[in-house]
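Chemist: sharing a model that was predicted from the sequence below.
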Amino acid sequence: MTSTIDGLVSGLSTSALISSLMQVEAAPQNLLKSKVTKQQTALTAYQGLNTKLAALETAAQNMQKLSTWRSVAPSSTSTSVTASATSSNSNQTGSVTFDVTQLATTQVSTVDAASPTTQIVKNNVQNLTVTVGGVATQVDVSADRTITGVAAAINNSGTGVKATLVTDSAGKTIMQLTGPKAGAANSFTITGLDTGYAMAPITAAADAKIKVGGATAGAYEVSSPTNTFTNLIQGTSITVSKVESGVTVGAETDVAAISNMMKALVEAANSALSEVKTKSASSTSTTGGKTTVTGGPLSGDYMVKQVADKILSSVSTGLDGYGSLSKFGVQLSRDGKLTFDEAKFKSAYTADPAALKTAASGFAAKVEKIADDQQTNVTNVVTSRTSVIKTLNDQISAWDIRLSSRQAALQKQFASLETSMGKMQSQSQWLAGQISSLG
C-alpha cells in the first residue's frame, strides 16, 4: 500500500484532498447504503406485522379448540379436598358426593441394632433380596455386613428404598426404611437379614380410597396409589388430604375461561390493527420554516391496508344465520378497533350455549383464514425485500473493493507528485547554486 506524508514538498494536505475526492467517489455507494437502510426499516416493519398476524391466528385457533369449549371450573365443599381442571377434550360437568375412607401411605419399616457397627447379616450371606412391588433386586452386602454398611448398600441399590440411620433415646441404632412411593403396589420386603434383625412395620403401603354412595346398594369404592383421583369426573383432578365423610365435588362449564379466549382473540386483532396504523402513519417535521412529511415504513402499501380492512370486515359483516357479533359482545369502535363486552358474552352463553359456540367458532374461523392468508402475503414481501437487501449489500461490497483500489491509486498519484516536486526542487536549488558560483 502506498503511503503519503502530507505536504512534505508541496505543502498540500494530500490526505484531506484524497478524503474529499473519495467522498465524491463514494456517492453511489452511499446511495446504495441509504436504500439498504430504507429497505431494512420496511423489512423490520413487515416482520413485526407478520408476528402480530401469527399471534392473531393462534388466538383464533384457540377459540375453536374443543378443549376451550369444554373448560370446567371445579369446586369442593371441603377445605381438605381440592379439585382442579385438567386439559382435556372430554371434560365433563356434574358432581359427586363421597367419603374419604383412607389416605395413600408409603411403607415405613425399621431394623434396630445395638450400635452402628453391629453386624446384621451372617458372614455366609453375600446378598440381600430387596423386593419392591414384586420386583426382586439382589443387593451385595459382602463388603460391609454391619447395619451401617447394609444401609449404604440399600441406598445405592437403585430400588428406590431409602435407609436412614437414627439413634434412639436408649442409644440403639435404628435403620428406618422408607418405600419409593405411596400405594399398596409399592410395598417392599427385605430378605437375608440375620435372625433377630427382621423388619418391623411402622406404616403399611396403602392406596387412598373413597367411597361413593355410602351404605346404598349401588355404592362403590375407588382407589388410587396417590391421594389424587382423576377418574371420578372426567377432566377434574381431586386430591384428598384427610379422612372425612360427605364431600361433594362438582365441575361446571368455565364460562369465564371461554370468555377469556374471546377476549384474547379481540386483543390480538387490535394488536395487529395497531401495528398497521403505527407503521403506516406519516410524521411531519419543520426545519428552517420548511415542513416535511415523512411516510411510515408501510405507508402506501395496499396489501397492508387490506390487512386492517379484512380484520374489521370480519366483524362488520356479522355471520350468516346469526347476525351481528354484538349479540355476544364483539363490535367495532369509532376509532377503528374491536371492543369486547364480557358480560354480554357470558349472558349469550347462558341463554344458548350451542348457538354461541357455533357463532364464536365461526367468527374465529373467519379471522384465522384472514390471518393465515395475510401472513402468506406478508411473507412473500419479506422474502422479496430480503432478496433486494442482499443484492444491494453485494453491490456495496463490490464498491468497497472499487473504492479501496481508487484510494490506493490516488495515494500513489499524490506520492508521485510529491516525489516529482522534490526532484524539481533539488534541481532548482542546484541551478541556483551554479548561478551563484558564476557571480
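Modeler: Thanks, I have the structure now. If you're wondering where the values come from, they're calculated on a predicted model, not measured in any experiment. Residues are numbered from 1 along each chain as shown.
Chemist: use CA for all of it now, contacts and neighbours both
Modeler: Will do.
Chemist: now for the longest helix along the chain, which elements pack on it?
Modeler: Under DSSP state H, the helix in the chain containing the largest number of residues is helix 353-438. Judged by 3 or more C-alpha pairs under 8 Å, 6 or more residues apart in numbering; DSSP states H and E, the packing partners of helix 353-438 are helix 14-25, helix 27-64, helix 302-316, helix 342-351.
Chemist: that helix to helix 27-64, inter-axis angle?
Modeler: 170 degrees (axes from the mean of the first three to the mean of the last three C-alpha atoms, to 10 degrees).
Chemist: most tightly packed of the helices and strands packed on helix 353-438?
Modeler: helix 27-64 (a mean of 19; mean count of other C-alpha atoms under 10 Å).
Chemist: give me the angle between that helix and helix 302-316.
Modeler: 20 degrees.
Chemist: helix or strand right after helix 27-64?
Modeler: With elements assigned by DSSP states H and E, the helix or strand that comes after helix 27-64 is helix 66-69.
Chemist: pLDDT of the next helix or strand along the chain from that following helix, averaged?
Modeler: Along the chain past helix 66-69, the next helix or strand (assigned with DSSP H and E) turns out to be strand 72-76. For strand 72-76, the mean pLDDT works out to 95.
Chemist: okay, the following helix or strand past strand 72-76 in PDB with CA atoms only?
Modeler: Past strand 72-76, further along toward the C-terminus, the next helix or strand under DSSP H and E is strand 81-85. Taking C-alpha atoms only, strand 81-85 is exported to PDB below (Å, rounded to 0.1, in the frame of the first residue of the first chain):
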ATOM      1  CA  VAL A  81     -60.300 -31.800  49.300                       C
ATOM      2  CA  THR A  82     -59.100 -29.800  46.300                       C
ATOM      3  CA  ALA A  83     -60.400 -30.100  42.800                       C
ATOM      4  CA  SER A  84     -58.700 -28.700  39.700                       C
ATOM      5  CA  ALA A  85     -59.300 -28.900  36.000                       C
END
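Chemist: would you mark the buried spots in the helix or strand following strand 81-85?
Modeler: As assigned by DSSP H and E, the chain's next helix or strand after strand 81-85 is strand 94-102. Neighbour counts over strand 94-102 (16 or more other C-alpha atoms under 10 Å) mark 97-100, 102 as buried.
Chemist: tell me how the protein divides into domains.
Modeler: 23-66+257-284+292-403, 72-103+208-253, 106-203 (automatic domain parsing).
Chemist: okay, these in JSON lines with distance to K423 next?
Modeler: Below are the domains of the chain laid out as JSON lines (distance: least, C-alpha to C-alpha, whole Å):
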{"stretch": "domain 23-66+257-284+292-403", "distance to K423": "30"}
{"stretch": "domain 72-103+208-253", "distance to K423": "92"}
{"stretch": "domain 106-203", "distance to K423": "93"}
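Chemist: and which of the buried residues of strand 94-102 is nearest to S169?
Modeler: Q102 (31.9 Å; C-alpha to C-alpha).
Chemist: that closest one: what's it in contact with?
Modeler: 207-210, 242-243 (C-alpha atoms under 8 Å, 6 or more residues apart in numbering).
Chemist: again, but for A185
Modeler: Contacts of A185 by C-alpha under 8 Å, 6+ apart are 133, 205-206, 225.
Chemist: from L232, how far off is it?
Modeler: Separation of A185 from L232 (C-alpha to C-alpha, to the nearest Å) stands at 21 Å.
Chemist: that older thread, average pLDDT across the longest helix of the chain?
Modeler: On average, helix 353-438 scores 83.
Chemist: so how far is that helix off the chain centroid?
Modeler: Relative to the chain's own centre, helix 353-438 is displaced by 37 Å; criterion: C-alpha atoms, centre = their mean, to the nearest Å.
Chemist: stretch 280-296 now?
Modeler: So, by C-alpha atoms, centre = their mean, the centroid of stretch 280-296 is 40 Å from its chain's centroid.
Chemist: now stretch 52-67
Modeler: With C-alpha atoms, centre = their mean, you get 16 Å for stretch 52-67.
Chemist: again with stretch 82-97
Modeler: 27 Å.
Chemist: end to end on it, go ahead and measure it.
Modeler: OK, stretch 82-97 end separation, C-alpha to C-alpha: 13 Å.
Chemist: still on that earlier bit, tabulate the contacts of A185 (TSV), appending pLDDT.
Modeler: TSV is the format used below for the contacts of A185 (pLDDT from 0 to 100):
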residue	pLDDT
G133	94
A205	98
A206	98
P225	97
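Chemist: which residues sit in contact with the residue nearest to Q407 when sequence neighbours are not counted?
Modeler: Ranked by C-alpha to C-alpha, 6 or more residues apart in numbering and with sequence neighbours excluded, the top spatial neighbour of Q407 is M22, at 6.8 Å. Residues counted as contacts of M22 (C-alpha under 8 Å, 6+ apart) are 403, 406-407.
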